[in-house]
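> Predicted coordinates and the sequence they were generated for:
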Amino acid sequence: MIALLAVAGAFQSYRLTALALESEPDQFALALSETRFAALKGKLPPNVRCGYLTDLPPGSYQESLAFRAAQYTLAPAFLVSLSPNVKVDWVVGNFSQPQDFAALGAAQGLDLVQDLGQGVVLYRVRKAGQ
Amino acid sequence: MALPSLLLPLAAGWLTARGLLNFRPVWALHFTCAGLAVALGAGWASLLQLLLLWTGLAQPVTALGADVLVCAGAFLLFRKNVALETGEDRPACPWNWIGWVALVLTAGLCLAGFAAGWEYNPHGYWDAFSIWNLRAKWMATPEAWRYAIEATAPVANFGVAHPGYPLLLSGFVGHIWMAGGSFDPVWPMVVSVLFTLAVPALLAGLLAAGRSTLVGLTAAAVALSADIFVLQGPRLYSDIPLALYLLGAVGLMAVSWQRGWHAGALALAGACTGLACWTKNEGIPFAVAMGGLLAWAARRQALPFAGGALPGVAVMAAFRLALAPPDREVQLPSTLAGVLEKLSEPARWWVPIAGYAQKEWLIPLVCVAVAAWTLRVNRQEGLARARWLALPLVVLLMAGYAAFLLTTSDQKWHVNTAASRLIAQLWPATLFVAMWAMGRPEDFAETVPVKSGKRAR
């Protein structure tokens, strides 16, 4: 009887696992992230520490997930939020909708290097005096 | 070279376990060694990976060389291995086949869950890609490994890769990725499959050695019947590895105790305890309780335990003291007034209990209740010792309860995200202790004689 119950329990576990996965494939959009950031990977110096800029609401689930997916996809590069005491040369833009990326970057002291499509943008930090 | 960097550590783990253990029946010895191959191999490879990175020697070739050296050392230990226990195997129970069928079916269903995970979510769940495998990518990159312990957190959401967390799982996956030269997602999945299947192998082997074949096989099947445990596998988190180490530590301590403090089993229990500390912070209160219990129960005979625990504990201590950023992982109040404020809210005391009591427990608990009803508690030799075996597990459960009670995060969120994982960590070792305390089905059944086992070497 115990063996029978165990097999029934294992079947239930499998059903739950499969149902959860099938109902929401690529639940965390990591496959999408791989596609979006594929072109950027070849343009960033290897293992670089770079800034991160987004238009998603700060502290939201969407912002948190988008950051994590970008960080996982671009690692071993290391993403840090832009702030005055963070020194980086490159900045990755990860945007949810089309907008004037050059103007958005300029407001942060960034020069647009390339718009890679799907909301992915590469910036370079403007040096002092430029 | 990814495959050799996976297989060589496993071989080293198997050789070490086989060199130190000698119990019967032989199939149980092989199952135990298979479980410990994963536990020890992954643990040591992870420790090596950190040491190679820290000393600036990490390259695919040097890592492979280190794996070969460890394997050679384990082979020397294996060559000197102790003879198998003398005597004949216990008479076989005519119902053993039921246990084998149940184990094969439950293991097959568990693997089917992994296949679904690979198809729909190959990178695992939230903590896998934001903590464990992210840090594995850094641990696989000699020029970037310090990002894994970097405490940059300019914004609340950022820097939450938990740079102070121990690195066993990330180190082992990083070891394989570095050797393979790519971040192929198949390897974290393979590692998770190995850890998950090592749990029933170790549970079946240790219980068969200490109690009986049918008890071992049934317990392994019941372990795989628990949603709360099995669902963690395809998530690729560190909770199942920790469950394996807790089971190894408690189970090997029990087998050692039963055999008058068998030194080899005790050393392996120590190794599992040390590696538990290197897997998750939960391993630390568990290790303290294990050490205290053995110091009291085994006194000087506990020395092999300390020797086995040394590598994991030493590297963990060095990591904490010299590498990891100041500990921000523990979300507890910083003042006594803060503690008292949390304690003074009666509602807070119930939230963790509600978190522990989940519906996913139903089938496994019914299994254990049926076993207890049919087999009865083994009062002669099982119960008294089982009480002590449970002590480190109760300490960990209480430590978890205290963390949930005093957490400075939103308590419901904290309990909802962490309580089921704490239960998953404790489940195999708790099942081991429960089955250790019960009678054997063989005592109620007619047994059939078996051929004598192999002669002792």
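Arrived safely. Numbering: from 1, shown residues only, chains lettered A, B, ... in the order given.

> Which strand in chain A has the most residues?
strand A:110-117 (DSSP state E).

> so what pLDDT did the nearest residue to B:S46 once chain neighbours are set aside get?
Distances taken as CB to CB, 6 or more residues apart in numbering or on different chains put B:G171 closest to B:S46, at 3.2 Å, once the chain neighbours are dropped. Just so you know, the C-beta spots here come from the backbone N, C-alpha and C atoms, and that holds for glycine as well. pLDDT for B:G171: 97.

> Repeat that for the one 5 residues further on.
Model confidence at B:I176, given as pLDDT, is 97.

> Secondary structure element holding it?
helix B:168-180 (DSSP states H and E).

> B:A249 contacts B:T273, doesn't it?
Yes: counting by CB atoms under 8 Å, B:A249 does reach B:T273; the two are 4.4 Å apart.

> from chain A, which residue is nearest to chain B?
Closest contact between chain A and chain B, by CB to the nearest CB, is at A:G9 (2.9 Å).

> how many other residues sit next to that residue?
Around A:G9 there are 25 other residues, counting by other CB atoms under 10 Å in any protein chain shown.

> Work out for me the element it sits within.
Short version, using DSSP H and E: A:G9 is in helix A:2-23.

> Report the buried residues of that helix.
A:2-3, A:5-7, A:9-14, A:17-18, A:20-21 (16 or more other CB atoms under 10 Å in any protein chain shown).

> Show me where chain A has its strands.
A:49-54, A:78-81, A:90-94, A:110-117, A:120-125.

> Among the ones you listed, pick out the one with the most neighbours on average.
strand A:90-94 (a mean of 24; mean count of other CB atoms under 10 Å in any protein chain shown).

> what angle sits between it and strand A:110-117?
50 degrees (axes from the mean of the first three to the mean of the last three CA atoms, to 10 degrees).

> Which neighbours in the sheet does strand A:90-94 have, and how are they oriented?
strand A:49-54 (parallel), strand A:120-125 (antiparallel) (DSSP bridges).

> can I get these in a markdown table with mean pLDDT?
Shown next, in a markdown table, are the strands paired with strand A:90-94 (pLDDT from 0 to 100):
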| stretch | mean pLDDT |
| --- | --- |
| strand A:49-54 | 92 |
| strand A:120-125 | 95 |
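
> tilt between the helix or strand where B:Y245 lies and helix B:168-180?
Per DSSP H and E: B:Y245 is located in helix B:239-258. On the basis of the same axes, to 10 degrees, helix B:239-258 is oriented at 110 degrees to helix B:168-180.

> Quick one: mean pLDDT over the following helix or strand past helix B:239-258.
Where DSSP H and E defines the elements, the next helix or strand beyond helix B:239-258 is helix B:263-277. Averaging pLDDT along helix B:263-277 yields 96.

> so what does helix B:263-277 touch, helix or strand wise?
Applying 3 or more CB pairs under 8 Å, 6 or more residues apart in numbering or on different chains; DSSP states H and E, one finds that helix B:263-277 contacts helix B:2-20, helix B:26-54, helix B:239-258, helix B:283-297, helix B:303-318.

> Burial-wise, tell me which of these comes out on top.
The most buried stretch of the helices and strands packed on helix B:263-277, if neighbours are counted by mean count of other CB under 10 Å, is helix B:239-258, with a mean of 28.

> which parts of the stretch 251-400 of chain B sit against chain A?
Proximity of the stretch 251-400 of chain B to chain A (CB under 8 Å from any CB of the partner chain) is limited to residues B:I363, B:P364, B:V366, B:C367, B:V370, B:A371, B:T374.

> Single out the residue in chain B that lies closest to chain A.
For chain B, CB to the nearest CB, closest residue to chain A: B:S225, 2.9 Å.

> How about the contacts made by A:D89?
Neighbouring residues of A:D89 by CB atoms under 8 Å, 6 or more residues apart in numbering or on different chains: A:V48, A:C50, A:R124, A:V125.

> B:A318 now?
Contacts of B:A318 by CB under 8 Å, 6+ apart: none found.

> Tell me where the model's unsure across the stretch 301-450 of chain B.
B:327-330, B:359-362, B:375, B:378-384, B:444-450 (pLDDT under 70).

> All the helices of it, residue numbers only.
B:303-318, B:336-343, B:346-356, B:362-375, B:382-406, B:411-436 (DSSP state H, counting those that start in this stretch).

> Could you tell me which ranges of the stretch 151-300 of chain B sit under the pLDDT cut-off?
Short version for the stretch 151-300 of chain B, where the test is pLDDT under 70: B:152-161.

> Could you rerun that using 50?
B:153-159 (pLDDT under 50).

> phi, psi of A:S83?
For A:S83, the backbone dihedrals (degrees, to the nearest 10) come out as phi -160, psi 160.

> ok, how many other residues are close to it?
So A:S83, with other CB under 10 Å, has 10 neighbours.

> And A:R36, by the same measure?
So A:R36, with other CB under 10 Å, has 19 neighbours.

> go on, B:D184?
14.

> That one falls within a strand, correct?
No: checked against DSSP: H, G, I helix; E, B strand; the rest coil, B:D184 lies outside a strand; its state is coil.

> Output the strands of chain A as TSV; include the columns distance to B:V26.
Formatted as TSV, the strands of chain A follow (distance: least, CB to CB, whole Å):
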stretch	distance to B:V26
strand A:49-54	54
strand A:78-81	50
strand A:90-94	57
strand A:110-117	60
strand A:120-125	58
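
> on that earlier part again, angle of the helix holding B:Y245 against helix B:382-406?
Going by the same axes, to 10 degrees, helix B:239-258 makes 150 degrees with helix B:382-406.

> Mind giving me the packing neighbours of helix B:239-258?
So helix B:239-258, by 3+ CB pairs under 8 Å, 6+ apart, packs with helix B:26-54, helix B:186-210, helix B:263-277, helix B:283-297, helix B:382-406, helix B:411-436.

> Could you measure from the nearest residue to B:L391 once chain neighbours are set aside over to B:L20?
What sits nearest to B:L391 in space, not counting adjacent residues and going by CB to CB, 6+ apart, is B:L293, at 5.5 Å. In this structure, B:L293 and B:L20 are 21 Å apart, going by CB to CB, to the nearest Å.

> try B:V368
30 Å.

> Contacts for the host helix or strand of B:A74 next, please.
According to DSSP H and E, B:A74 maps onto helix B:60-79. The contact list for helix B:60-79 (CB under 8 Å, 6+ apart) reads B:1, B:4-5, B:8-9, B:11-16, B:18-20, B:44-45, B:48-49, B:52, B:175, B:178-179, B:181.

> now with 6 Å?
B:1, B:8-9, B:11-12, B:15-16, B:18-19, B:48, B:52, B:178-179 (CB atoms under 6 Å, 6 or more residues apart in numbering or on different chains).

> ditto for stretch A:35-48
A:T73, A:L74, A:P76, A:A77, A:L116, A:Q118, A:V120, A:L122, B:E143, B:A144.

> ok, now with 10 Å
Here stretch A:35-48 makes contact (CB atoms under 10 Å, 6 or more residues apart in numbering or on different chains) with A:29, A:34, A:50, A:69-70, A:72-79, A:88-90, A:92-94, A:113-114, A:116-122, B:138, B:141-145, B:147.

> Just the CA trace of stretch B:112-121, in CSV.
Taking Å, rounded to 0.1, in the frame of the first residue of the first chain, the C-alpha atoms of stretch B:112-121 are listed here in CSV:
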residue,chain,number,x,y,z
ALA,B,112,10.0,12.8,-16.7
GLY,B,113,9.6,16.0,-14.6
PHE,B,114,13.2,17.0,-15.5
ALA,B,115,12.5,16.3,-19.2
ALA,B,116,9.5,18.7,-19.0
GLY,B,117,11.8,21.3,-17.3
TRP,B,118,14.4,21.0,-20.0
GLU,B,119,11.8,21.4,-22.7
TYR,B,120,10.0,24.4,-21.3
ASN,B,121,12.4,26.1,-18.8
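
> Any buried residues in that stretch, and which?
Buried, per 16+ other CB under 10 Å, within stretch B:112-121: B:A112, B:G113, B:F114, B:A115, B:A116, B:G117, B:W118, B:Y120, B:N121.
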